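Pasting a predicted model and its sequence here:
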Amino acid sequence: MPAEKAGCIFCRIASGEIPCHTVYEDAEFLGFLDIRPHNPGHVLLIPKRHYRWVDDVPPQEYFTAAQRVSRALKKALGAFSVTYLTLGFEVEHAHLHLIPRFEGDGHGGFIDWKNVKSLPDAEMKRIAGLVLKAARD
């Protein structure tokens, strides 16, 4: 696998070329807030190396990172659970959607893809800070 794929937006985010609201980072993975969140704290967790599909990524390390982010979302934001989704067609770089769930969040039993929240940048920064701190604790 190449470390980076030319033109891949997630590779550009992982390299620091494009800024993001980081909530988790280790040697292999980066978690950042989705700019079109389905709930406050909606995270995209990506491998820093370019993999096309989630099932190409070494699973143990990936899901260990996802578990850390999930626990941080619950602790920092009071989510009662976190929904994991893998789609993979909107960006051709492996990524997990980690969407914190809250009572009355407008999604019901399944994530409603039309239910996108609009959060000001200051709120995104605040949320990122809370989750990043919880992920480090």
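Ah, there it is.

Contacts for stretch 108-123 next, please.
The contact list for stretch 108-123, computed with CB atoms under 8 Å, 6 or more residues apart in numbering, reads 36-40, 42, 83, 85, 99, 105-107, 127. From N, CA and C alone the C-beta is placed, and that goes for glycine too.

Could you pull out the buried residues of stretch 100-107?
By neighbour count with 16 or more other CB atoms under 10 Å, stretch 100-107 contains the buried residues 100-101, 105, 107.

Just name the closest of these to Ala135, please.
Checking the buried residues of stretch 100-107 against Ala135 by CB to CB gives Pro100 as the nearest, at 13.1 Å.

can you give me phi and psi for the closest residue to that closest one other than its chain neighbours?
Nearest residue to Pro100 in three dimensions, chain neighbours excluded: Ala79, at 3.4 Å (CB to CB, 6 or more residues apart in numbering). Note on Ala79: backbone dihedrals following degrees, to the nearest 10 are phi -60, psi 140.

Is it correct that Ala79 is in contact with His42?
No. Applying CB atoms under 8 Å, one finds Ala79 not in contact with His42, separated by 10.6 Å.

which one's the longest helix in this structure?
Scanning the chain for the longest helix, with DSSP state H as the assignment, gives helix 59-77.

and it, how far out from the chain's middle?
Between the centre of helix 59-77 and the centre of its chain there are 10 Å (CA atoms, centre = their mean, to the nearest Å).
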